[in-house]
Each structure stands twice: as structure tokens, then as C-alpha cells.
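1. A structural model of the following input is requested.
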Amino acid sequence: MILHWFTTENLGKENRYLLPFYSDIMVEEYIAGREFTVLVSADPLSTNDTKSYKPIEYFSRRERI
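-> Have a look, this model is predicted:
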């Protein structure tokens, strides 16, 4: 779920509303620009075996319209 807040006051109100429904909430500062995500996986039986995959650019529904 992605939610946008424009003021600190609204952020606090939304957090108080969401906390009873979710055990954890992650809040990040919005940085204007393109957004990418990268999947990184690891073999649980090996301490040195990790793999990263090709970055994927994320587009919100608002950007697709």
C-alpha cells in the first residue's frame, strides 16, 4: 500500500489510524524523481551466495494515465 501525506499533521493522523491494523508501518520521505526496485536473494545455506536481479522501474497508476 502506498499512501501520500503532504503535512506532518496528516502523517501523524494516518499513522494512528493504521497502527491498529498493521503490526509495523514503514514511513519514508518522498524524493521526487524516478523510482526503481532491485530484488536481492540469498541461499540460506550459504553465507556468500547472493544474487541481485535487473532493476525494475516502478510507475504509479497516476503516472500511467
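2. and residue 35, how many neighbours?
-> 13 (other C-beta atoms under 10 Å). All C-beta spots, glycine's among them, are computed from the backbone N, C-alpha and C.
3. quick one, what contacts it?
-> Applying C-beta atoms under 8 Å, 6 or more residues apart in numbering, we find residue 35 in contact with 57, 58.
4. if I look at it, how far off is residue 14?
-> Note on residue 35: its distance to residue 14, by C-beta to C-beta, to the nearest Å, is 21 Å.
5. likewise for residue 30?
-> Where residue 14 is concerned, residue 30 sits at a distance of 14 Å (C-beta to C-beta).
6. again with residue 42
-> Residue 42 is 34 Å from residue 14, by C-beta to C-beta.
7. which of the two has more neighbours?
-> residue 14 (15 against 11).
8. point me to the helix or strand that includes that one.
-> Counting by DSSP states H and E, the element that carries residue 14 is helix 8-18.
9. just residue 36 next, same as before
-> Using DSSP H and E, residue 36 sits in strand 35-37.
10. what pairs with the following helix or strand past that strand, parallel or antiparallel?
-> Later in the chain than strand 35-37, the nearest helix or strand by DSSP H and E is strand 40-42. When pairing is defined by DSSP bridges, strand 40-42 lines up against strand 50-52 (antiparallel).
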